[in-house]
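K.L.:
Okay, sequence plus prediction incoming.
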Amino acid sequence: MKNCTLIIMAAGLGSRYGGGIKQLEQVGPDGEIIMDYSVCDAVKAGFDKVVFIIRRDIEKEFRERIGDRISKHVNVQYVFQETDDIPEEHKKIKRTKPWGTCHAVLCAREAVHEPFAVINADDYYGRQAYEQLYGYLTSERPDTGKLDLCMAGFILKNTLSENGSVTRGVCRTDGNNRLIGITETYNIRREGGRVLSGKEETAELDENSYVSMNMWGCPPEFMDTLAEKFEQFLCENDESETAESLLPIMIDGLLKNGEAECTLLESRDRWFGVTYKEDKQAVAESIAALIKDGVYPEKLWK
């Protein structure tokens, strides 16, 4: 088995969730949260280390809810995403909003020196995606002189919420499962049998399109590129109170300027997550169905 790390981004504020720490909502019969199932699937696939990106103000509760429990089964490390954790010359304003997912992953730079996957804390991805990412990240491939990335590609219709709109990175691929572009698309929802996006100007989407769920696979040298691109972002946005540097947008830029290649690894598993308060019950019911089908034991870690 080759070393491979799972980075879990768990520092977001969850503005659409309506209060509470959505990453720590219990959805399993033994108090499990979504991250328990993510870590379980990743460990079974071969990942041997988990790095949690969290805020310092939730560290105690985070360790109690999941960290101390899973540390008996996998190497666990913590890094902290704080709004003031940027170079001094860019601290021109006081920010309350996080700097985005590029900044989150960059916070793990000193903790990760091996191939790694990145996921959101509040998304359930299914086992297939972890197996595919681990297989890709630990395989031998020819050196093309470009960053060699991979991404779990989900089917749009499998990633919608019944309780509100979602944001997805809608993917464009060539004939060889290479990602050639990704468009961050907002306000995606199902209406009258169609999948639409946008508000004032709506567009219909193909429900069988591939979308990104922020599940990426990266070589360790990706961190150097990430640091360079985030510095460029800060030079342009360090006086903004809201601008965020997002992984899909940054990676789309790398693809367009020829710095990276990204292989799309198809997953047919159904996504679910806790974007909205109303999602929690549906997630618990989905977990219960997976337990009934024998995918997980009733008590995950016992």
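P.N.:
That came through fine. Numbers count the residues shown, from 1 in each chain.
K.L.:
residues in contact with the helix or strand of the chain with the lowest mean pLDDT?
P.N.:
Taking mean pLDDT, DSSP states H and E as the measure, the chain has strand 272-273 as its least confident helix or strand, at a mean of 86. Contacts to strand 272-273, defined as C-beta atoms under 8 Å, 6 or more residues apart in numbering, come from residues 34, 120, 122, 123, 124, 161, 279, 282, 283, 286. For the C-beta atoms, the positions are set from N, CA and C on the backbone; glycine is no exception.
K.L.:
How many neighbouring residues does the residue lying closest to residue 137 once chain neighbours are set aside have?
P.N.:
In this structure, residue 137 finds its nearest non-sequential neighbour in residue 115, 3.9 Å apart by C-beta to C-beta, 6 or more residues apart in numbering. Residue 115 is flanked by 24 other residues according to other C-beta atoms under 10 Å.
K.L.:
next helix or strand past the least confident helix or strand of the chain?
P.N.:
helix 279-292 (DSSP states H and E).
K.L.:
Check the offset of that next one from the chain's centre.
P.N.:
Offset of helix 279-292 from its chain centre (C-alpha atoms, centre = their mean, to the nearest Å): 20 Å.
K.L.:
and that helix, which residues are buried?
P.N.:
279, 280, 282, 283, 284, 286, 287, 290, 291 (16 or more other C-beta atoms under 10 Å).
K.L.:
In a markdown table: these, plus distance to residue 77.
P.N.:
Formatted as a markdown table, the buried residues of helix 279-292 follow (distance: C-beta to C-beta, whole Å):
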| residue | distance to residue 77 |
| --- | --- |
| 279 | 29 |
| 280 | 28 |
| 282 | 32 |
| 283 | 26 |
| 284 | 29 |
| 286 | 29 |
| 287 | 26 |
| 290 | 28 |
| 291 | 29 |
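K.L.:
In these, find the pair that's most separated.
P.N.:
279 and 291 (18.4 Å; C-beta to C-beta).
K.L.:
do you know how far residue 114 is from residue 5?
P.N.:
6 Å (C-beta to C-beta, to the nearest Å).
K.L.:
Name the residues contacting each of the two.
P.N.:
Joint contacts of residue 114 and residue 5 (C-beta under 8 Å, 6+ apart) are residue 49.
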